[in-house]
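>>> Next come a sequence and a model predicted from it.
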Number of protein chains: 2
Amino acid sequence: MDKTAHDPAAIKLTLDEVKSLALSILRQAGLSDAQAGPVAQTITDCEADGRASHGLQRLPGCVMTIKSPHFVASAEPQITSPAPAVVRADAGFGYSLLAFERALPILEQKAKSCGVAVLAINNCFHFSALWPEVERLSKRGLVSLAMTPSHAWVAPFGGTTPVLGTNPLAFGWPRVKADPFVFDFATSAMARSDIAMAKLAGKTLPDGCGVDAAGQPSNDPAAVLAGAMSTFGGHKGTALSTMIELLAGPLIGDMTSRASMDFDGGVQAAPCHGELIIALDPALLGGQDLDANSRRAEQLFAGFTDQGARLPSQQRYARRAQTRKDGITISAALHDRITALLP
Amino acid sequence: MDKTAHDPAAIKLTLDEVKSLALSILRQAGLSDAQAGPVAQTITDCEADGRASHGLQRLPGCVMTIKSPHFVASAEPQITSPAPAVVRADAGFGYSLLAFERALPILEQKAKSCGVAVLAINNCFHFSALWPEVERLSKRGLVSLAMTPSHAWVAPFGGTTPVLGTNPLAFGWPRVKADPFVFDFATSAMARSDIAMAKLAGKTLPDGCGVDAAGQPSNDPAAVLAGAMSTFGGHKGTALSTMIELLAGPLIGDMTSRASMDFDGGVQAAPCHGELIIALDPALLGGQDLDANSRRAEQLFAGFTDQGARLPSQQRYARRAQTRKDGITISAALHDRITALLP
């Protein structure tokens, strides 16, 4: 049960109210209607799925980003097709989400004609989780991977100086009779927002999350935030994070996490960089018997759930079913913090 | 220094001798010349790079596989183009390597015209490491990912029953003035061959490698081989392994690790399944300033090496430079085991 439900001052909101509130604040900050729509929708989707880290609490940061020196509040993405299986969306230093929205139909069309296609989003400010994007591609029948760099907060395995971003990887797989198989994880051992929340709550971190400024392993969130985070999974996690850094950065003509941090220049706006999405068409790749392919995937999933292992996203989907009926509840303190952004 | 160098009965071989020896044994077992060539070359490449796990010691297993019921010793891969950015190589129940060889020029051509292309290898017996393949693509100027399922030896995070394969992921990135950035890792916490070697050597395993047949965490290699291996990196490693299982299995109309194990029927031949390779063209994806992209990648790599963190594959490349001059040394016992396969 939600802790805030016991807070007499807690605020209940329908999902429509969440979206309206987000839209009002984003527009008030000067964001164009075209840019604001997909951002408000993603905030709402994250609240609906119980992912508060990318929900309403991001709005103060969004306002700060919108007003930051490099941000273009009425950016119109430029969509180009440099090759048959490539679509490029130059976000023009607005948010990534409108660029994704505008490029999505072209990515789908290219993947369904070529078998595989890539969307390269450039010059975008990024605050979004990646699972809403791969989930949308799953609903169009496409398998997909999405990835981005971020800011250079993470040291490679064997080192103590931050070079890599938290570099998330998301994956979506359409299922015929169930919500898509979707995961989305940071390649850092812990998400930076979770470390920040541990700091606020006065908690210590589990081993392996990072090092302090002197390069010594630390369980103190403040020390790790000032030092360097670690990748998950030792040298393998570092290899994966490096791959993401390269694919969603230099490969598509965009910044690394280090370059993005330099570009920010200490303003602490949302990271500005690129994003890479690969979409694969199961119909063109799957050979003769597409039903058999589906059955094999479902047998794999059953092999997890039959032994009590959880598939990723199951909690999100359960939460979504509930919030569609009941809406969400946020603390009065958060509600105050957000409404203070309105005139 | 190589331990066997102190063994007075150790055998020195040039790389040409390694290849000739492998070729003789593979042909003697009944493998066609066309199939044997790329297998012998890969064994030689692995020995050259100090990766004995995929070198000469695999030959007894190769002979067993070649003589196993489902293997087709003179299989000729069938190459088709189901879509502009997709090449399919049906290996016809021979080795994966000839199928890769035959499809490689078409994959390159499709990636360089479409921007991204996929090679789906089907119905192949697989013993090879994946790094030689992504390295070859790097040398043709392409960025690439390669992945395969294997046999269902690995339990998902939160479970104790094997469902997943060891599901390796390899990645290659071309560099102008250096050997390509290449990694290749199993998504199991430890490679199965390393666990088998620990068993032979009477060693215990580090924590987290797997569980015994009763589902209890174990450091005993024999118990883990009879129970279930674990993925690396907790739930994130399991998610990545599941992605590989889906992409290189059901997506391309081929078997999962579980289906492949059932297909083997206890013969213990090399796993038969599919393989997926994604090739990306930096020239078509990289936008206006390809030199700047290269420089950004090199700055990232320098960020590793400047702080003493190692880039993957550096040890392999150093070893290669040495074995090209000096050849390799194998134990007399291994040499005896291999030459016993000749008439």
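Great, that's in hand.

>>> Identify the spatial nearest neighbour of A:His70, chain neighbours not counted.
Among residues not flanking A:His70 along the chain, A:Phe93 sits closest, at 5.7 Å (CB to CB, 6 or more residues apart in numbering or on different chains). Just so you know, the C-beta spots here come from the backbone N, C-alpha and C atoms, and that holds for glycine as well.

>>> That neighbour: how many residues sit nearby?
16 (other CB atoms under 10 Å in any protein chain shown).

>>> Show the contacting residues for the spatially most central residue of chain A.
For chain A, A:Ala129 is the residue whose C-alpha lies nearest the centre (CA atoms, centre = their mean; 1.7 Å). A:Ala129 sits next to A:Thr42, A:Cys46, A:Arg51, A:Ser53, A:His54, A:Pro168, A:Ala170, A:Asp184 when contact means CB atoms under 8 Å, 6 or more residues apart in numbering or on different chains.

>>> one more time with 10 Å, if that's ok
By CB atoms under 10 Å, 6 or more residues apart in numbering or on different chains, the contact list for A:Ala129 reads A:Thr42, A:Asp45, A:Cys46, A:Asp49, A:Arg51, A:Ser53, A:His54, A:Gly55, A:Ala146, A:Pro168, A:Ala170, A:Asp184.

>>> ok, now which ones touch the closest residue to the fourth one other than its chain neighbours?
Of all residues beyond its chain neighbours, the one nearest A:Asp49 is A:Arg316 (4.1 Å), with distances taken as CB to CB, 6+ apart. With contact taken as CB under 10 Å, 6+ apart, A:Arg316 is in contact with A:Asp45, A:Cys46, A:Ala48, A:Asp49, A:Gly50, A:Arg51, A:Trp131, A:Glu135, A:Asp179, A:Val182, A:Asp184.

>>> of all those, which comes closest to B:Thr14?
Comparing the contacts of A:Arg316 against B:Thr14 with CB to CB places A:Asp184 closest, at 49.9 Å.

>>> What's opposite that closest one in the beta bridge?
With DSSP bridges as the criterion, A:Asp184 is bridged to A:Ala170.

>>> That one: what's it in contact with?
A:51, A:129-135, A:146-147, A:168-172, A:312-313, A:316, B:239.

>>> Which ones among those residues map onto helices?
Those of the contacts of A:Asp184 mapping onto helices are A:Trp131, A:Pro132, A:Glu133, A:Val134, A:Glu135, A:Arg316, B:Ala239, per DSSP state H.

>>> touching chain B at all, stretch A:151-159?
Yes: contact of stretch A:151-159 with chain B (CB under 10 Å from any CB of the partner chain) involves A:Ala152, A:Ala155, A:Pro156, A:Phe157, A:Gly158, A:Gly159.

>>> ok, of the residues you listed, which come out buried?
Buried residues within the residues of stretch A:151-159 next to chain B, defined by neighbour count using 16 or more other CB atoms under 10 Å in any protein chain shown: A:Ala152, A:Ala155, A:Pro156, A:Phe157, A:Gly159.

>>> quick one: contacts of the helix or strand of chain A with the lowest mean pLDDT?
Ranked by mean pLDDT, DSSP states H and E, the weakest helix or strand in chain A is helix A:192-200, scoring a mean of 90. Counting contacts by CB under 10 Å, 6+ apart, the residues outside helix A:192-200 that touch it are A:52-54, A:57-58, A:150-151, A:153-154, A:165-166, A:186, A:188-191, A:203-206, A:209-210, A:219-225, A:229.

>>> Run the chain-centre distance for that helix.
Relative to its chain's centre, helix A:192-200 lies at 17 Å (CA atoms, centre = their mean, to the nearest Å).

>>> longest helix in chain A, by residue count?
Ranked by residue count, the top helix of chain A under DSSP H comes out as helix A:96-114.

>>> Just give me how far it sits from the chain centre.
On CA atoms, centre = their mean, the centre of helix A:96-114 falls 17 Å from the chain's centre.

>>> tell me the angle of it relative to helix B:96-114?
120 degrees (axes from the mean of the first three to the mean of the last three CA atoms, to 10 degrees).

>>> hmm, back to that, for the buried ones among the residues of stretch A:151-159 next to chain B, name the two members farthest from one another.
The most distant members of these, if one measures by CB to CB, are A:Ala152 and A:Phe157, lying 15.4 Å apart.

>>> Now the closest residue to chain B within the stretch 101-250 of chain A: closest residue in space, sequence neighbours ignored.
Taking CB to the nearest CB, chain B has its nearest neighbour within the stretch 101-250 of chain A at A:Gly233, 2.9 Å off. Excluding the flanking residues, the one nearest A:Gly233 by CB to CB, 6+ apart is B:Gly233, at 2.9 Å.

>>> so who does that neighbour touch?
Contacts of B:Gly233 by CB under 10 Å, 6+ apart are A:185, A:187, A:189, A:231-234, A:236-237, A:240, B:157, B:187, B:189, B:208, B:239-241.

>>> any idea how far A:Arg331 lies from chain B?
I think there's a mix-up here, since residue A:331 is Ser and not Arg. Taking CB to the nearest CB, to the nearest Å as the measure, A:Ser331 falls 28 Å from chain B.

>>> how near is that residue to A:Asp194?
Separation of A:Ser331 from A:Asp194 (CB to CB, to the nearest Å): 18 Å.

>>> same question, A:Ser68
24 Å.

>>> Dump the C-alpha coordinates for the longest helix of chain A into CSV.
Only the C-alpha atoms of helix A:96-114 are listed here, as CSV (Å, rounded to 0.1, in the frame of the first residue of the first chain):
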residue,chain,number,x,y,z
SER,A,96,14.1,13.8,-27.5
LEU,A,97,10.4,12.9,-27.2
LEU,A,98,9.0,15.0,-30.0
ALA,A,99,11.8,13.8,-32.3
PHE,A,100,10.9,10.2,-31.4
GLU,A,101,7.2,10.9,-32.0
ARG,A,102,7.8,12.4,-35.5
ALA,A,103,10.3,9.7,-36.6
LEU,A,104,8.3,6.7,-35.3
PRO,A,105,6.1,6.1,-38.4
ILE,A,106,9.1,6.3,-40.7
LEU,A,107,11.1,4.0,-38.5
GLU,A,108,8.2,1.5,-38.6
GLN,A,109,7.9,1.7,-42.3
LYS,A,110,11.6,1.3,-42.9
ALA,A,111,11.8,-1.7,-40.5
LYS,A,112,8.8,-3.3,-42.2
SER,A,113,10.3,-2.9,-45.7
CYS,A,114,14.0,-3.5,-44.9
